[in-house]
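[1] requesting a structural model of the entry that follows:
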Amino acid sequence: QACCSKEICDGCFHANYMREFEERLENRCPFCRKDLPKTYEECDKQKMKRVEANDPVAMYEVGFNLFKKGNYSSAFGYWMKAAELGDAA
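    All right, here's what the predicted structure looks like:
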């Protein structure tokens, strides 16, 4: 999740989605209950908030996205910082 960088299995995600659908609730993060981002820009903005909070998972993901874009040196920097903070990916 972009909001809190928590991951859940597909089954738990589906169960939460079905609960929200059946009760006609807005889609929210199952952990922090924030609204899910509706655009890629919102997702990136939330992810950068997590990076600013020194979240190693968010740093790894930002590094991965930079790597896919060909920005290898910046990607490596994010991965190093994520590793220093305990991310073992």
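[2] got the contact list for the residue nearest to A89 when sequence neighbours are not counted?
    Distance criterion C-beta to C-beta, 6 or more residues apart in numbering; nearest residue to A89, sequence neighbours excluded, is Y60 at 5.1 Å. Placement of C-beta: from N, CA and C, glycine included. Applying C-beta atoms under 8 Å, 6 or more residues apart in numbering to Y60 gives the contacts 78-79, 82, 87, 89.
[3] rerun at 7 Å
    Y60 makes contacts with 79, 82, 87, 89, as judged by C-beta atoms under 7 Å, 6 or more residues apart in numbering.
[4] what secondary structure does it sit in?
    Assigned by DSSP: H, G, I helix; E, B strand; the rest coil, the conformation of Y60 is helix.
[5] any idea how far it lies from K34?
    Using C-beta to C-beta, to the nearest Å, Y60 is found at 21 Å from K34.
[6] what's the answer for C9, then?
    Taken as C-beta to C-beta, the span from C9 to K34 is 20 Å.
[7] more neighbours: which of those two?
    It is K34, of C9 and K34, that has more neighbours when counted by other C-beta atoms under 10 Å, with 13 against 8.
[8] flag the shaky bits of this protein, pLDDT-wise.
    The chain contains residues with pLDDT under 70 at 1-2.
[9] just the helices from it, written as ranges.
    Here the chain has its helices, by DSSP state H, at 10-22, 40-52, 56-68, 72-84.
[10] just put these in CSV and tack on distance to P30.
    Listed next are those as CSV, based on distance: least, C-beta to C-beta, whole Å:
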stretch, distance to P30
helix 10-22, 5
helix 40-52, 15
helix 56-68, 16
helix 72-84, 23
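[11] can you tell me which of these is packed in deepest?
    Ranked by mean neighbour count, the helices of the chain are led by helix 56-68 with a mean of 19 (mean count of other C-beta atoms under 10 Å).
[12] angle of it against helix 72-84?
    Interaxial angle, helix 56-68 versus helix 72-84 (axes from the mean of the first three to the mean of the last three C-alpha atoms, to 10 degrees): 160 degrees.
[13] using CSV, write out the CA atom coordinates for helix 56-68.
    Taking C-alpha atoms only, helix 56-68 is exported to CSV below (Å, rounded to 0.1, in the frame of the first residue of the first chain):
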residue,chain,number,x,y,z
PRO,A,56,12.7,1.2,4.0
VAL,A,57,10.0,-0.5,2.0
ALA,A,58,9.0,2.8,0.3
MET,A,59,12.6,3.6,-0.3
TYR,A,60,13.1,0.2,-2.0
GLU,A,61,10.0,0.7,-4.2
VAL,A,62,11.1,4.2,-5.2
GLY,A,63,14.6,2.8,-6.1
PHE,A,64,13.0,0.1,-8.1
ASN,A,65,10.9,2.6,-10.1
LEU,A,66,14.0,4.7,-10.7
PHE,A,67,15.9,1.7,-11.9
LYS,A,68,13.1,0.8,-14.4
